[in-house]
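Visitor: give me a 3D structure for the following:
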Amino acid sequence: MLDNFIENIKELERFLPLLLGVLVVLVIYSLFNLVLRALRKALLQKAKSKKQVAGIEAFSRLFKYVFLFLLVIVVSFYYSKSWTGLGIGIGLFSAALGWALQKPITGIAGWLMILLKRPFMIGDRVIIGSVKGDVLDITLTHIYLKEVGGIVQAEESSGRVVMVPNSILFEQNIVNYTLRDEYILDQVSLTITFESDLDLAVGLCRKAIARIREKRPEIIKKDPYIRINFQPNGIGLHIRYYAQAIRLQEISSYATQEVFALINATSNVNIAYPRTDVFLIKGKPLIKRNSS
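Guide: Here you go, the predicted structure:
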C-alpha cells in the first residue's frame with residue numbers, strides 16, 4: 001500500500017514541471033491580457049477614423065498571439081533546459097499540426113494577408129465570393145460580415161451575420177466598396193416621353209439631388225451628372241451621383257421620391273409608360289398604335 005502511494009507521488013513529480021509550466025503561462029497570459037485590454041481601450045478612445053480603429057483592433061490581436069507563442073517557447077525551454085530538445089519537439093509538433101490543420105493554417109495565412117495587404121478593414125462593405133456584407137470583426141480564422149441583401153435583393157442589411165473562413169480569401173474575388181473612401185457611384189433611372197421638354201427634365205433631376213444634398217449634405221458627394229439615351233418608348237435619363245456606400249438603398253429612395261414629385265408638379269415633362277392608342281376613322285380600317 002505504501003509502495004503504491006510512493007509510486008503515485010513519483011509519477012506526479014514527473015508531471016509537476018509540466019503543470020507548473022501551464023500554470024505560469026496562464027497567469028502571465030492573463031496579466032498580459034488585462035494590460036492589453038486597458039491599452040486597447042485607451043487607444044480606441046483616441047481613435048478618430050475607421051482606419052485607426054481597425055488598425056488598433058488588428059494589431060492588438062496580433063500582439064496577443066505573438067506574445068502567447070513566445071511565452072510558450074520561453075516556458076518550455078525553461079523547464080526542458082535544452083534548446084535542441086525544444087527545437088526537435090517544436091519541429092515535430094509543427095509538422096503534425098500542419099498536416100492535420102491545413103485549412104485553419106491557410107486561414108491564419110489569410111488573416112496575416114489582411115493585416116499586411118489591408119484589402120479591407122472593420123466597417124468596410126465588401127463582397128467575398130457570393131457573400132456581401134459590412135465587416136464586423138476579423139479573427140484568426142474567420143471574418144464576420146453583417147449580411148447585405150441575402151433575403152431580399154437590396155443594398156440593405158438583412159440582420160444576419162455570416163462567418164466567412166479566412167482560408168477562402170486566396171480562392172475568391174474580393175470587392176471592397178469603401179477601400180478609398182465612403183462614396184461610390186449610384187444612379188436613379190427613368191424614361192420620359194418624346195414630347196417632354198428634355199432640358200426641363202434634366203434641370204428637375206439635378207434639382208432633386210440638390211434638395212437631398214441641402215437636407216443631408218453628408219450622404220451625397222459632388223454634384224450629380226445626367227446621362228441620356230434613346231429608349232423604345234421615350235428618352236432615358238440616368239441620374240448618377242456619388243453616395244455613401246452603406247446607404248445606397250436609402251439615398252436612391254430619396255432621389256426617386258424627389259424626382260417624381262418635381263415631375264408631377266409640371267405639365268411639360270411626362271414619365272413614359274406602355275399604352276395603346278386606338279384610332280377610329282370613318283371609312284378606314286381600325287388603326288392601333290403602341291406608344292409610351
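
Visitor: now do the same contact list for A201.
Guide: Each residue near A201 by CB atoms under 8 Å, 6 or more residues apart in numbering is listed here: 192, 235, 237, 263, 269. Heads up, the C-betas are built off the backbone N, CA and C, glycines and all.

Visitor: keep only those of those residues that are in helices.
Guide: Residues of the contacts of A201 located in helices (DSSP state H): I263.

Visitor: name the next helix or strand downstream of the helix or strand where E147 lies, please.
Guide: Element membership for E147 (DSSP states H and E) is strand 142-148. Following strand 142-148 in sequence order, the next helix or strand is strand 157-165 (DSSP H and E).

Visitor: can you give me the buried ones in that next one?
Guide: Judged by neighbour count using 16 or more other CB atoms under 10 Å, the buried positions of strand 157-165 are 157-158, 162, 164.

Visitor: how about the next helix or strand after it: buried residues?
Guide: Where DSSP H and E defines the elements, the next helix or strand beyond strand 157-165 is strand 174-176. Buried residues in strand 174-176, counting neighbours by 16+ other CB under 10 Å, are found at N176.

Visitor: where do the helices sit along the chain?
Guide: Using DSSP H, helices in the chain cover 2-46, 50-80, 83-100, 102-117, 198-215, 248-264.

Visitor: list the contacts of the strand holding E147.
Guide: Contacts for strand 142-148 (CB under 8 Å, 6+ apart): 107, 114, 125-126, 128, 131-138, 154-166.

Visitor: switch the cut-off to 10 Å
Guide: 107, 110-111, 114, 120, 122, 124-128, 131-138, 154-169, 177, 245-246, 248-249 (CB atoms under 10 Å, 6 or more residues apart in numbering).

Visitor: so what strands line up beside it?
Guide: strand 131-138 (antiparallel), strand 157-165 (antiparallel) (DSSP bridges).

Visitor: then that strand to CSV, C-alphas only?
Guide: Extracted in CSV, the C-alpha atoms of strand 142-148 (Å, rounded to 0.1, in the frame of the first residue of the first chain):
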residue,chain,number,x,y,z
HIS,A,142,-13.0,33.9,-39.7
ILE,A,143,-14.4,37.2,-41.0
TYR,A,144,-17.7,38.2,-39.5
LEU,A,145,-20.0,40.0,-42.0
LYS,A,146,-23.2,41.8,-41.3
GLU,A,147,-25.0,40.5,-44.4
VAL,A,148,-26.3,42.9,-47.0
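
Visitor: that strand vs helix 102-117, what angle?
Guide: 70 degrees (axes from the mean of the first three to the mean of the last three CA atoms, to 10 degrees).

Visitor: how far off centre is strand 142-148?
Guide: 7 Å (CA atoms, centre = their mean, to the nearest Å).

Visitor: same check, this time on stretch 215-233
Guide: 26 Å.

Visitor: if we can go back for a sec, hmm, which of the contacts of A201 are the buried ones?
Guide: Buried among these (16+ other CB under 10 Å): 192, 235, 237, 263, 269.

Visitor: what's the separation between K117 and G110?
Guide: 10 Å (CB to CB, to the nearest Å).

Visitor: those two: which is more packed in?
Guide: More crowded of K117 and G110, by other CB atoms under 10 Å: G110, with 23 against 9.

Visitor: okay, the more buried one: pLDDT?
Guide: Listed pLDDT for G110 reads 87.

Visitor: please apply the same query to Q257.
Guide: 95.

Visitor: state the distance from it to E214.
Guide: 15 Å.

Visitor: swap in I271?
Guide: 24 Å.

Visitor: which of the two has more neighbours?
Guide: Taking neighbours as other CB under 10 Å, I271 and E214 compare with I271 leading, 17 against 8.

Visitor: follow-up on the earlier one: looking at the strands paired with strand 142-148, spot the one closest to G150.
Guide: strand 157-165 (4.3 Å; CB to CB).

Visitor: where does pLDDT dip in the stretch 1-150 of the chain?
Guide: Residue ranges of the stretch 1-150 of the chain with pLDDT under 70: 1-22, 48, 50-52, 54-55, 58, 73-104.

Visitor: what do you get if the cut-off is 90, keeping everything else the same?
Guide: 1-118, 121-123, 130, 139-141, 149-150 (pLDDT under 90).

Visitor: also the stretch 151-292 of the chain?
Guide: 151-155, 167, 170-172, 178-181, 217, 221-222, 232-233, 246, 273-292.
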